[in-house]
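# show me the folded form of this:
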Amino acid sequence: MKIWYMTVFIFLIFFNYNQYSQTKPDSNFGITFFVVADTHFDPPPESDQYYHIVAINSVCGSINNKSAAVWPEFIEGKATNFGSAGEKIEMPKGVILAGDITDRAEPKSLELLKNRYEKGDGDKVINFPVFVGLGNHDLDPQHVVDSAEVYRTYMLNYVAERHEGKNAPVPVTNFDSESKNYSWDWEGIHFVQTHRFAGNTENGLPNSINWLREDLSKYASNNKPVVIIQHYGFDGWSLKWYSDEEKEILFNTIKDYNVIAIFVGHNHVAENLIWKGIDIFQVNNAWPDSDGNGSFSVCKITNTYIDVVTCRWKNGEGDVELIAPFFHKNF
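This is a model prediction of the structure:
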């Protein structure tokens with residue numbers, strides 16, 4: 001009997017330790033990743049859509065014998081206070097898409113995006129794993145009403161093809177087969193992709209807020225840092241795209257966790273905001289407009305700080321500039 005009790009006791013200790021170790025962040029970690037939003041791929045012929053790809057590959061010295069860009073000490077005469085200042089931008093763990101990857105969800109548009117944003121070799125194809133996120137243009141292609149449901153299904157299936165299951169091209173830890181939300185860990189950080197936003201039910205999609213609640217409870221306890229990616233932002237215009245009730249439910253779901261950043265798209269402007277005490281990083285679109293050429297976010301997170309900078313392409317040759325808005329915060 002004593003041996004039985006001892007066996008059970010040892011098992012419980014091991015079980016509790018194992019559960020804790022699944023969520024306990026590493027004591028020291030550091031990762032770099034890029035976030036891209038609103039590529040709005042149209043069907044061929046292609047114009048400057050590959051410029052973003054060449055810039056992403058170039059900024060860390062992946063192609064064209066270019067040297068990696070350096071985290072700057074100053075931008076526009078202002079001190080960045082980057083924890084990484086003076087260091088070369090490292091190869092990213094991956095590239096995260098924050099929605100509206102196509103303009104009308106047309107199959108030919110998606111095929112062109114696949115040619116650019118599925119990992120491969122060369123300067124005009126992404127050199128890193130890509131984590132797919134969908135926005136309103138992907139899920140509600142209003143300009144092709146007769147085919148909207150077919151195209152929406154096509155886009156949702158693409159997310160599953162890329163990420164669902166251990167044998168997926170880019171496997172993740174937790175995939176929701178209904179909403180197509182998913183999560184994964186890079187070293188000590190938990191990442192969650194929620195497409196338009198968790199809790200979205202537009203176009204008959206299932207509410208994923210319970211999935212998010214369970215995901216965070218399982219994978220992000222013990223103050224583990226969390227990064228959320230969604231398409232709809234938190235600026236005055238974007239907040240009109242979901243109700244106050246939906247936003248309040250979202251906040252109540254995440255407020256007790258260590259959410260260190262939410263990356264969003266939708267507004268086609270690069271901007272840093274704070275929503276209910278949470279740092280929000282609005283990622284710009286991918287093409288030239290009134291605020292200049294297309295840009296994306298470069299982020300480095302360690303156990304002691306987060307650095308975020310906007311990277312804008314100058315041309316199709318991989319020349320880039322690191323510009324405002326930028327952000328640094330010590331933990």
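# in the longest strand seen in the chain, what's buried?
The longest strand of the chain (DSSP state E) is strand 320-330. Going by neighbour count (16 or more other Cβ atoms under 10 Å), the buried part of strand 320-330 is 320, 321, 322, 323, 325, 326, 327, 328. For every residue, glycine as well, the C-beta is placed using N, CA and C.
# for residue 90, see how far away the residue lying closest to the last one once chain neighbours are set aside is.
To tie it back to what came earlier, the one meant is residue 328. Nearest non-adjacent residue to residue 328, counting by Cβ to Cβ, 6 or more residues apart in numbering: residue 81, 4.6 Å away. Residue 81 is 19 Å from residue 90, where distance means Cβ to Cβ, to the nearest Å.
# same thing with residue 212?
29 Å.
# same question, residue 322
Applying Cβ to Cβ, the value for residue 322 to residue 90 is 14 Å.
# now for the longest strand of the chain, which elements pack on it?
helix 50-59, strand 74-75, strand 271-275, strand 278-282, strand 305-313 (3 or more Cβ pairs under 8 Å, 6 or more residues apart in numbering; DSSP states H and E).
# tell me the strands beside that strand, with direction?
strand 305-313 (antiparallel) (DSSP bridges).
# avg pLDDT for stretch 263-278?
If you average the pLDDT over stretch 263-278, you get 98.
# dump the C-alpha coordinates for that stretch into PDB.
Taking Å, rounded to 0.1, in the frame of the first residue of the first chain, the C-alpha atoms of stretch 263-278 are listed here in PDB:
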ATOM      1  CA  PHE A 263      -0.200  43.500 -34.200                       C
ATOM      2  CA  VAL A 264      -3.000  44.700 -36.500                       C
ATOM      3  CA  GLY A 265      -3.500  45.900 -40.100                       C
ATOM      4  CA  HIS A 266      -6.600  47.200 -41.900                       C
ATOM      5  CA  ASN A 267      -6.000  50.900 -41.700                       C
ATOM      6  CA  HIS A 268      -3.100  51.100 -44.200                       C
ATOM      7  CA  VAL A 269      -1.100  53.400 -41.800                       C
ATOM      8  CA  ALA A 270       1.800  52.600 -39.500                       C
ATOM      9  CA  GLU A 271       1.000  53.700 -36.000                       C
ATOM     10  CA  ASN A 272       1.700  52.800 -32.400                       C
ATOM     11  CA  LEU A 273      -1.300  52.900 -30.100                       C
ATOM     12  CA  ILE A 274      -2.300  51.800 -26.600                       C
ATOM     13  CA  TRP A 275      -5.700  50.100 -26.100                       C
ATOM     14  CA  LYS A 276      -6.800  49.600 -22.500                       C
ATOM     15  CA  GLY A 277      -3.100  49.500 -21.400                       C
ATOM     16  CA  ILE A 278      -2.000  47.000 -24.200                       C
END
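# distance from that stretch to the middle of the chain?
Its chain's C-alpha centre and that of stretch 263-278 lie 13 Å apart, by Cα atoms, centre = their mean, to the nearest Å.
# name the residues of it that come out as buried.
Neighbour-count burial for stretch 263-278 [16+ other Cβ under 10 Å]: 263, 264, 265, 266, 267, 268, 269, 270, 271, 273, 275, 278.
# OK, contacts around the residue positioned nearest the centre of the chain?
In the chain, the C-alpha nearest the mean C-alpha coordinate belongs to residue 96, at 3.8 Å (Cα atoms, centre = their mean). By Cβ atoms under 8 Å, 6 or more residues apart in numbering, the contact set of residue 96 is 33, 34, 35, 36, 130, 131, 133, 191, 193, 229, 263.
# now the second one, what's its secondary structure?
I take that to be residue 34. strand (DSSP: H, G, I helix; E, B strand; the rest coil).
# please save the CA atoms from the helix or strand residue 218 falls within in PDB.
For residue 218, the element it lies in under DSSP states H and E is helix 209-219. Taking C-alpha atoms only, helix 209-219 is exported to PDB below (Å, rounded to 0.1, in the frame of the first residue of the first chain):
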ATOM      1  CA  ILE A 209     -13.600  33.500 -28.200                       C
ATOM      2  CA  ASN A 210     -14.000  30.300 -26.300                       C
ATOM      3  CA  TRP A 211     -11.200  28.800 -28.300                       C
ATOM      4  CA  LEU A 212      -9.000  31.800 -27.400                       C
ATOM      5  CA  ARG A 213      -9.900  31.600 -23.700                       C
ATOM      6  CA  GLU A 214      -9.000  27.900 -23.600                       C
ATOM      7  CA  ASP A 215      -5.800  28.400 -25.600                       C
ATOM      8  CA  LEU A 216      -4.500  31.100 -23.300                       C
ATOM      9  CA  SER A 217      -5.400  29.100 -20.200                       C
ATOM     10  CA  LYS A 218      -3.500  26.100 -21.500                       C
ATOM     11  CA  TYR A 219      -0.500  27.700 -23.200                       C
END
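# what is the very next helix or strand once past that helix packed up against?
For helix 209-219, the following helix or strand on the C-terminal side (DSSP H and E) is strand 225-229. Counting contacts by 3+ Cβ pairs under 8 Å, 6+ apart, strand 225-229 is packed against strand 189-193, strand 258-264.
# hey, which of the ones you listed is tucked in deepest?
Highest mean neighbour count of the helices and strands packed on strand 225-229: strand 189-193, a mean of 26 (counted as mean count of other Cβ atoms under 10 Å).
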